[in-house]
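Engineer: Provided below for reference: sequence and predicted model.
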Amino acid sequence: MMSRAWAGPVRDRVTAVWALLVAATLLSFWLGTDHGLSSAEARTVIILVVAFVKVRFVGLYFMELRTAPVALRALFEGWCLVVCLGLIGFYLLA
Amino acid sequence: MATISQRTTTTDAGAARERHLPGEEGTWVFILGDMTVFAVFFATYLYYRGQQRELFESSQRELVQAFGVINTLLLLTSSLCVALGMRAVRRRLAGAPTLAAPRLFGGALACGLGFSVMKFVEYGGKLAAGITPATNNFFMYYFILTGLHFFHLILGMAVLLYLIRSARRPTLDARQFAFVEGGACFWHMVDLIWIVLFPLLYLVK
């Protein structure tokens, strides 16, 4: 990766990831202010899933876990999955 | 650079050769431990929300969602600056005459300061309206969770100052480089925690 010529910040993959994260934030804001679906529970579940997809992108691309040792990447992705499902569970069942 | 690539191959012996641990192992014990503590707080918050759903929903309406969104965008942008900054550090260590890294880390610090200003405005507005952690369970969690995150943000800004200073050095040994990488990951964690905290407090209905 380092041997290839760097194409500059605009063409860097992390900038595309950032744009995606911004779009996801605005989508959550839109859903969270009572738009989109009529069911508040469905909106909340989508908002939580979107949040953890964002977290995963931050981990993989910003923290560079995509190329980290498999054990670390697995721990991180495991955290995302367990906490996401756990929080949705607490939200729906508590 | 020789020291860094050597380190990469020795720490990841057995794994794919390009795999690289960003930062020291200890940094990751700390980051994952911290993330787990926050996860327990998040679950506790949702549990109590379930017990007092109406109170939590009416209290949540007192929050200004736009503050939360702007702060999310500030932290995402700061994270982008840090990620681009790390690339600039590597290019510099590889011999490119670039000083972009300290500027990018400085940009991240500016976003962090912007977040702090927003937080003070937000806390100030709540306190002026007579809302404190003692008001009810929702606001107790609101102040504890955002306060704990804010404490991490302050630590993170100190880390960014260290990154700015390190990025100005002409060379970094493997250990110094690992500290810089670990520091960058700590800042990303501050962003990551907020990404979950913002919807939990401001958007969950």
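Structural biologist: Structure received. Numbers count the residues shown, from 1 in each chain, chains lettered A, B, ... in the order given.
Engineer: now the residue in chain B that chain A sits nearest to, what's its secondary structure?
Structural biologist: Ranked by CB to the nearest CB, the top residue of chain B for proximity to chain A is B:G50, at 2.6 Å. All C-beta spots, glycine's among them, are computed from the backbone N, C-alpha and C. Of the three states, B:G50 takes helix under DSSP: H, G, I helix; E, B strand; the rest coil.
Engineer: residue closest to the middle of chain A?
Structural biologist: A:K54 (1.3 Å; CA atoms, centre = their mean).
Engineer: any idea which element it lies in?
Structural biologist: helix A:40-57 (DSSP states H and E).
Engineer: Show me what the longest helix anywhere in chain A is in contact with.
Structural biologist: For chain A, the helix with the greatest residue count under DSSP state H is helix A:70-93. The contact list for helix A:70-93 (CB atoms under 8 Å, 6 or more residues apart in numbering or on different chains) reads A:41, A:44-45, A:48-49, A:51-52, A:55-56, A:59-60, A:63, A:65-66, B:15, B:19, B:21, B:28, B:32, B:35-36, B:39, B:42-43, B:46-47, B:49-50, B:196, B:200, B:204.
Engineer: one step back: counting neighbours, what do you get for the residue of chain B closest to chain A?
Structural biologist: Neighbours of B:G50 under the rule other CB atoms under 10 Å in any protein chain shown: 14.
Engineer: quick one: contacts for the spatially closest residue to it that is not a sequence neighbour?
Structural biologist: Nearest non-adjacent residue to B:G50, counting by CB to CB, 6 or more residues apart in numbering or on different chains: A:A94, 2.6 Å away. Contact analysis of A:A94 by CB under 8 Å, 6+ apart lists B:L46, B:Y47, B:R49, B:G50, B:Q51.
Engineer: and these, which are buried?
Structural biologist: Buried members of the contacts of A:A94, scored by 16 or more other CB atoms under 10 Å in any protein chain shown, are B:L46, B:R49.
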